[in-house]
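[1] any chance you could fold what I've pasted below:
(chains A and B)
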Amino acid sequence: MDWILGHLDDIGGYTVQHAWLAGLPLLLGLAVAVPLGWLARRRSWLYTPIVAGTGLLYTIPSLALFILMPLVLGTRILDEENVIAAMTIYTVALLTRTVADALGAVPDDVVAAATAMGLGPVRRLLTVELPMAVPVIAAGLRVAAVSNVSIVSVAALIGVPQLGVLFTDGFYRDFLDPIVAGLVASALLALLFDLAIVALARVLTPWHRTPAAARSGSEAPS
Amino acid sequence: MTRDVLDWLLDGAHWQGGEGIPLRVWQHVAYSLIAVGIAAVLAVPAGLWVGHTGRGRFLAVNLVGILRAVPSLGLLFASLMILGPKIPGELGVHVPVQVVLVVLAMPPVLAGAYAGVEAVDPAARDAARGMGMQGRDVLLRVELPCALPLVFSGLRSAVLQVVATATLAATVGLGGLGRYLIDGLAVRDYAQMAGGAVLVAALALLLDLLAATLQRLVVSPGLTGKTGRRTAAGETAASSDPRDVGVLTEGSTR
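    Model (predicted):
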């Protein structure tokens, strides 16, 4: 316990680093998964290859993927880019199917109404379909966030600093405190990511927050 | 760099002896299958029971969620430091590692089993009751066969999770393919590390493929929509790809 109190600065620094390595790939992965999922939905013959292909990437164990990254990217083994790229790949693997299915679940009459109002495919995607798909995509993003936060710690083995360093450090010094600190900080970070995504999804979908009283008034039940 | 990795993989000397690739593959498969086997024996009945009775659902859902968020590397080291000294000899490494592998394999298996039973068409359950079946028969003869696709998807994500974590077990002195990655790191031999990484990735893919094939053989064709009748009626049921159903690959830690 004394060790933890005496090293709060270090733990904080690792936590920030951890949040960066797990969080940035969530954004990058989402940016890749949205167009991929959209394409899988628009061209039905592409659905299976895209969804199965990205899903397959998730089978690669993390340490192996980190180590293989320099081969693909031309980076050096200690570079943090390897971790960012690998975590982005996992995020894409988890989110592409979610995005495709979420877009597929948008009611046909809503899409038809948007088309009738003169929206082209891109504007329709950005202003109608994606907002409608937010709850499902957010659910997928929560899974990816928790998964990313726990996977990133493996990067300590290839020398990229974050909370995982507390695990290796504690193990090699035969000292449990850093490991406990790392486990707790990592759980708190996962919780924080989860809450942030839930809050963001709420802000982005104001129609889900309409008070019951207002909705039961003039509006037709949805 | 790619060239060096290929050379390492194709070097005959790496394919034989006490540190050769076949032995390492065998060790890796053995650790993984033992863990998934134990997890299945514990978690499939528990999950079926939770799904059948609805009891303990809250506990199961939260347990699964929490365990998924635990970093496997930290759990591995903690288990070794806490359990290791209590067990003499070589088992002092094996047992703590296997415990962690089982603990990590259980959430997806449990989730697959209870979600599978919960997702069974209530009409099928009613029909079973109508035919005079009692609780136990309903569970074993109707709910279990109908739940198999999700049970399998849980088992498959457990396999991936365990193969990934077994790789990390080399850091605490265990065998398996992780040895090449960890030993290569220690001596900065990139060809060995990357060669090992290629083998681990290939093993994970192969095991997943085998599990998918087994699933195809075991799951009733009536559930996969592959019988001519139903497809003709345009009423195709869930596809046989277990990834179609949510619980599957969801957030495992590797």
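[2] which residues does stretch A:117-130 contact?
    A:34, A:38, A:42, A:103, A:106, A:110-111, A:114-115, A:137 (CB atoms under 8 Å, 6 or more residues apart in numbering or on different chains). Just so you know, the C-beta spots here come from the backbone N, C-alpha and C atoms, and that holds for glycine as well.
[3] which of the residues you listed lies closest to chain B?
    Distance to chain B across those (CB to the nearest CB) is lowest for A:I137, with 13.4 Å.
[4] ok, now which ones touch that closest one?
    If a contact means CB under 8 Å, 6+ apart, then A:I137 has A:30, A:95, A:98-99, A:102, A:130 as its contacts.
[5] ok now stretch A:147-154, how far from the chain's centre?
    Average the C-alpha atoms of stretch A:147-154, do the same for its chain, and the two points are 11 Å apart (CA atoms, centre = their mean, to the nearest Å).
[6] just to revisit the earlier point, narrow the contacts of stretch A:117-130 to those in strands?
    Within those, membership in strands is found for no residue, as judged by DSSP state E.
[7] which of these are buried?
    For the contacts of stretch A:117-130, a neighbour count by 16 or more other CB atoms under 10 Å in any protein chain shown gives the buried set as A:34, A:38, A:103, A:106, A:111, A:114, A:137.
[8] got JSON lines for those, with pLDDT and distance to A:V16 too?
    Formatted as JSON lines, the entries for the buried ones among the contacts of stretch A:117-130 read as follows, by pLDDT from 0 to 100; distance: CB to CB, whole Å:
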{"residue": "A:V34", "pLDDT": "93", "distance to A:V16": "27"}
{"residue": "A:W38", "pLDDT": "91", "distance to A:V16": "33"}
{"residue": "A:L103", "pLDDT": "89", "distance to A:V16": "34"}
{"residue": "A:V106", "pLDDT": "88", "distance to A:V16": "37"}
{"residue": "A:V111", "pLDDT": "89", "distance to A:V16": "42"}
{"residue": "A:A114", "pLDDT": "91", "distance to A:V16": "41"}
{"residue": "A:I137", "pLDDT": "91", "distance to A:V16": "26"}
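[9] residue numbers of the stretch 1-150 of chain B in contact with chain A?
    Residues of the stretch 1-150 of chain B found near chain A (CB under 8 Å from any CB of the partner chain) are B:1-2, B:5, B:66, B:68-75, B:77-78, B:80-82.
[10] what residues are up against residue 36?
    I went with chain A, as the question did not name one. The neighbourhood of A:L36, defined by CB under 8 Å, 6+ apart, consists of A:50, A:54, A:92, A:96, A:99-100.
[11] if you could check chain B rather than the one you did, that'd help
    Contact criterion CB under 8 Å, 6+ apart gives B:105, B:109, B:155, B:158-159, B:162 as the residues in contact with B:V36.
[12] now a ChimeraX select for only the buried ones of the residues you listed.
    Of the contacts of B:V36, the buried ones go into a single ChimeraX selection, burial set by 16+ other CB under 10 Å:
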select /B:105,109,155,158,159,162
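[13] excluding its backbone neighbours, what's nearest B:L75?
    The shortest distance from B:L75 to any residue that is not its chain neighbour, by CB to CB, 6 or more residues apart in numbering or on different chains, is 5.3 Å, and that residue is B:V100.
[14] next up, the contacts around the one you found.
    Neighbours of B:V100 in contact, by CB under 8 Å, 6+ apart: B:72, B:75-76, B:79, B:165.
[15] got the contact list for A:D101?
    If a contact means CB under 8 Å, 6+ apart, then A:D101 has A:37, A:136 as its contacts.
[16] make it 10 Å
    Contacts for A:D101 were tallied using CB atoms under 10 Å, 6 or more residues apart in numbering or on different chains; they are A:37, A:40-41, A:47, A:51, A:133, A:136-137, A:140, B:244, B:246.
[17] A:Y14: which element?
    Secondary structure from DSSP states H and E places A:Y14 in helix A:8-42.
[18] residue 209 - how many residues pack around it?
    I'll assume chain A. Counted by other CB atoms under 10 Å in any protein chain shown, the residues lying close to A:R209 total 8.
[19] sorry, I should have been clearer: chain B.
    Per other CB under 10 Å, the neighbour tally for B:L209 reads 13.
[20] pretty sure B:A127 sits against B:C146.
    No: checked against CB atoms under 10 Å, the pair B:A127 and B:C146 is beyond contact range at 11.3 Å.
[21] any shared contact partners between these two?
    Any residue near both B:A127 and B:C146 by CB under 10 Å, 6+ apart counts here, and that gives B:D121.
[22] tell me which of those two has more neighbours.
    Neighbours per residue (other CB under 10 Å) separate B:A127 from B:C146, with B:C146 holding more: 21 against 13.
[23] state the pLDDT value of the more buried one.
    Confidence per residue is given as pLDDT, and for B:C146 that number is 84.
[24] quick one: it from B:G222, how far?
    9 Å (CB to CB, to the nearest Å).
[25] likewise for B:L104?
    Counting by CB to CB, the separation of B:L104 from B:G222 is 33 Å.
[26] more crowded one of these two?
    Applying other CB under 10 Å to B:L104 and B:G222 shows that B:L104 carries more neighbours, namely 26 against 13.
[27] run a quick check on the more buried one versus B:A164, I expect a contact.
    Yes: taking CB under 10 Å as the definition, B:L104 is a contact partner of B:A164 at 9.0 Å.
[28] need the nearest residue in space to A:G23, chain neighbours excluded.
    A:F193 (7.0 Å).
[29] okay, that neighbour: pLDDT?
    If you check A:F193, the pLDDT there is 93.
[30] what sits against it?
    By CB under 10 Å, 6+ apart, A:F193 lies in contact with A:19, A:22-23, A:26, A:141-142, A:144-146, A:148-149, B:69.
[31] name the helix or strand for it, please.
    With the criterion set as DSSP H and E, the secondary-structure element containing A:F193 is helix A:176-204.
[32] flag the shaky bits of chain A, pLDDT-wise.
    Of all residues in chain A, those with pLDDT under 70 make up the ranges A:210-222.
[33] need phi/psi at B:P71.
    For B:P71, the backbone dihedrals (degrees, to the nearest 10) come out as phi -70, psi 130.
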